[in-house]
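**Student:** please find the sequence and the predicted model below.
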Amino acid sequence: MNTKFQNDINEGLSKALKSLPSKYFYDKTGDDLFVKIMNLPEYYLTKAEFDIFKNQTKNIIAALDINPNVYFELIELGAGDGTKTKELLKVLISENFNFDYIPIDISNNALKQLETNLNTEIPNLNVTKKQGDYFNVLDGLKTSNHPKVVLFLGSNIGNMEDEKAKRFISKLSSSLNPNDKVVLGVDLIKSKDIVLPAYNDKAGITKAFNFNLLNRINKELDANFNIDQFSHQPEYTETEGIARSYIVSNTDQEVHIGALNKTFQFKKGEKIHTEISRKYNDEILNSILENSSLRIVTKLLDTKSYFADYILIK
Ligand code: AVI
């Protein structure tokens, strides 16, 4: 029995304002749904960042200011399938940079697939995969004194509340040495008519992704959520720059969670907050970096200026 999952669900559903941690989206079903999301016409984030990695590879490398004669570690936090990174890796290899690629991911399965794929696509690349929660794996980075470039792409930082993002950035910064670099990919603040459909696609894939939380609780914690009695509700305010996803109860109802031996009440219209997707600008990013030793060197934008890859230096 996964007691951490059980405790987190109990804690989230017992609060006055109910919430569920978005990290639990990502089981096998959730991983597959997220791949589908990345290919949705409405989900511009992945395409925009791919545009930067494909068309501005040389600019990224120039901004990183890497000494071609010195070995460095290219570390990726939450590597996934590496589609964007491959564009960078290919150019670094063809230009004879001296480095190892160290992808870190929570999913061992994803890492193995990535390694196999890279071995065939970029045979001269040295890959050293590390499995774990990237928040925890950061400590392990300190043991090497080689220069480092850390990639944290996909606006994954946007899934953290600002206070958590600050702690994460401080931790990242303290695991680096002066002159190490970070490539931080973030979605930029923009109008509602572009952001909201990305979290409310016509095909209903994001809804299924959000509801995967309820399906997991039903399956893994012996619960009886009636999925048809809930709605998917994303919200976004441009002034704040935050998209939030909710699951809303369509009616007054009770849900029993067998593993907790507990029944939860839901009022009609009551929301369960499931995810935050923060959008950024320079000012917000600077406030996140404030108490760390990381500073913005430059930022690279996609052709539509939807997304930014910021180059940070310690
Ligand atoms: C992984 N993360 C950056 C995605 C996002 O845009 O916040 C997760 C996601 N949630 C719904 N659609 C995509």
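**Tutor:** Thanks, I have it.
**Student:** so what's whatever residue of the stretch 51-200 of the chain ends up closest to the ligand closest to, chain neighbours aside?
**Tutor:** For the stretch 51-200 of the chain and the ligand, the shortest gap (C-beta to the nearest ligand atom) falls at Ser155, measuring 4.4 Å. The C-beta positions use only the backbone N, C-alpha and C, and glycine is treated the same way. With sequence-adjacent residues excluded and distances taken as C-beta to C-beta, 6 or more residues apart in numbering, Ser155 is closest to Asp187, at 4.2 Å.
**Student:** ok, now which ones touch the one you found?
**Tutor:** Asp187 makes contact with Leu45, Ser155, Gly158, Ser277, Lys279, Tyr280, Tyr306, Phe307 under the criterion C-beta atoms under 8 Å, 6 or more residues apart in numbering.
**Student:** so where's this structure shaky on pLDDT?
**Tutor:** Residues of the chain meeting the criterion pLDDT under 70: 1.
**Student:** swap in 90 and give it another go.
**Tutor:** For the chain, applying pLDDT under 90 flags the ranges 1-2, 28, 31, 78-82, 106-110, 132-145.
**Student:** flag every residue of it that's near the ligand.
**Tutor:** Listed as neighbours of the ligand in the chain under the rule C-beta under 6 Å from any ligand atom: Ile37, Leu45, Gly154, Ser155, Asn156, Gly158, Asn159, Tyr199, Thr206, Phe209, Glu275, Ser277.
**Student:** next step: these restricted to helices.
**Tutor:** Taking DSSP state H, the ones among the residues of the chain next to the ligand that sit in helices are Ile37, Leu45, Thr206, Phe209.
**Student:** would you put the C-alpha positions of stretch 278-296 in CSV?
**Tutor:** Taking Å, rounded to 0.1, in the frame of the first residue of the first chain, the C-alpha atoms of stretch 278-296 are listed here in CSV:
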residue,chain,number,x,y,z
ARG,A,278,2.2,29.6,-13.5
LYS,A,279,3.1,31.8,-16.5
TYR,A,280,6.2,34.0,-16.2
ASN,A,281,7.7,37.4,-17.2
ASP,A,282,11.1,38.9,-16.3
GLU,A,283,9.8,40.5,-13.1
ILE,A,284,8.2,37.3,-11.8
LEU,A,285,11.2,35.2,-12.6
ASN,A,286,13.5,37.8,-10.9
SER,A,287,11.4,37.6,-7.8
ILE,A,288,11.8,33.8,-7.8
LEU,A,289,15.6,34.1,-8.3
GLU,A,290,15.9,36.9,-5.7
ASN,A,291,17.3,34.9,-2.7
SER,A,292,19.4,32.5,-4.8
SER,A,293,22.7,33.1,-6.5
LEU,A,294,21.3,32.6,-10.0
ARG,A,295,20.9,35.6,-12.3
ILE,A,296,19.4,36.0,-15.8
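**Student:** could you pull out the helices for the stretch 151-300 of the chain?
**Tutor:** Taking DSSP state H, counting those that start in this stretch to define them, one finds helices in the stretch 151-300 of the chain at 162-174, 192-198, 205-220, 282-289.
**Student:** and Asn126, what does it touch?
**Tutor:** Taking C-beta under 8 Å, 6+ apart as the contact definition, Asn126 lies against Phe99, Asp100, Tyr101.
**Student:** do the same with Pro197
**Tutor:** The neighbourhood of Pro197, defined by C-beta under 8 Å, 6+ apart, consists of Glu42.
**Student:** do the one 4 residues further on as well
**Tutor:** Contacts were defined as C-beta under 8 Å, 6+ apart; by that measure Asp201 touches Ile37, Leu40, Pro41, Glu42, Tyr43.
**Student:** which residues pair with the residue in the chain that the ligand sits nearest to across the strands?
**Tutor:** Of the residues in the chain, the one nearest the ligand is Ser277, at a distance of 3.4 Å by C-beta to the nearest ligand atom. For Ser277, the residues forming beta bridges with it (DSSP bridges) are Ala243.
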